[in-house]
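*Asks:* Model the structure of this input:
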Amino acid sequence: MSVRGFVVVVIACGVCAPAQAEDFQVSVGGSAGLAFVPNTLTVQVGDTVTFTNAGGFHNVESLPGSVTEFRCANGCDGDGAGGNGDPSGDPWTFTINLDTPGSVPYECVVHGGGGMTGMITVEGGEPPPPVAEVAPTSFAFVVETGESASDTLTVSNTGEAASGLEFNIAEAETDCAGTSDIPWLSASPALGTVPGGGFANSDIGVDANGLAPGAYSSLLCILTNDPSNDLIPVPVSLTVNASDVIFANGFDGP
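*Replies:* Down below sits the predicted model:
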């Protein structure tokens, strides 16, 4: 029932200059025949790769699943720099920027079936932020005086490759701008970390012990480090009905 603070720790860096970006060179065709030289590269986020046609009728196109999509030769499709990415025998050159970690498989669309393929592995960079979702989005409990009940709140991080989702469940009477302890409401656990693509369950409990019959309402305030969804209010209603005192002792009489 207690409200726990949500703490964000920032680690400062004295001098954190970014690493110098590097441009890698790949030769296309020419004396190497139907090949990219080199045909495998490992680079860092922020690096670039420059392809140069050394001879032959070629282009370079990313394959399905690539974290960076392109189709280039004399210019690239949709980049506004002229050309349409079609294969060409002219001495063309182009450069791609690699800003997303992951794999970049590619081929020449004319000779890919003959083995003219390549792979760029992009390392480093920060993982994408977590994506917070909760279910259900509200609770409605009905109990008799002196009884308790519970249900499950699921907190999910739907970003598959995302960083960990930190969450804290607080309580509020009517507005999450001011949290406070609600005596009849509890969440356990109230804190947690959810990896990308994962979820965590919290037991949401209500206790009508000492409550008069009537209707009660409150909010669960789920605080997260999802930059686009850092506060998720979940309404909770509680209806307390009077106990059936006539049959409380198992007999019809008083």
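
*Asks:* residues contacting Val110?
*Replies:* Listed by CB atoms under 8 Å, 6 or more residues apart in numbering, the contact set of Val110 reads 57-59, 87, 116. For the C-beta atoms, the positions are set from N, CA and C on the backbone; glycine is no exception.

*Asks:* The residue found closest to Pro227 once you drop the neighbours it is linked to in the chain: neighbouring residues, count only.
*Replies:* Nearest residue to Pro227, sequence neighbours excluded (CB to CB, 6 or more residues apart in numbering): Pro129, at 5.3 Å. For Pro129, the neighbour count with other CB atoms under 10 Å is 16.

*Asks:* repeat for the one 5 residues further on
*Replies:* By the criterion of other CB under 10 Å, Val134 has 20 neighbours.

*Asks:* Thr152 too?
*Replies:* Thr152: 11 neighbours (other CB under 10 Å).

*Asks:* Buried ones among the contacts of Val110?
*Replies:* Neighbour-count burial (16 or more other CB atoms under 10 Å) is assigned, among those, to 58-59, 87, 116.

*Asks:* Just give me the closest of those to Gly46.
*Replies:* For the buried ones among the contacts of Val110, the residue nearest Gly46 by CB to CB is Asn59; the value is 24.9 Å.

*Asks:* ok now do that closest one, which residues does it touch?
*Replies:* Neighbouring residues of Asn59 by CB under 8 Å, 6+ apart: 71-73, 85-88, 108-110.

*Asks:* Please apply the same query to Asp244.
*Replies:* Contacts of Asp244 by CB under 8 Å, 6+ apart are Glu144.
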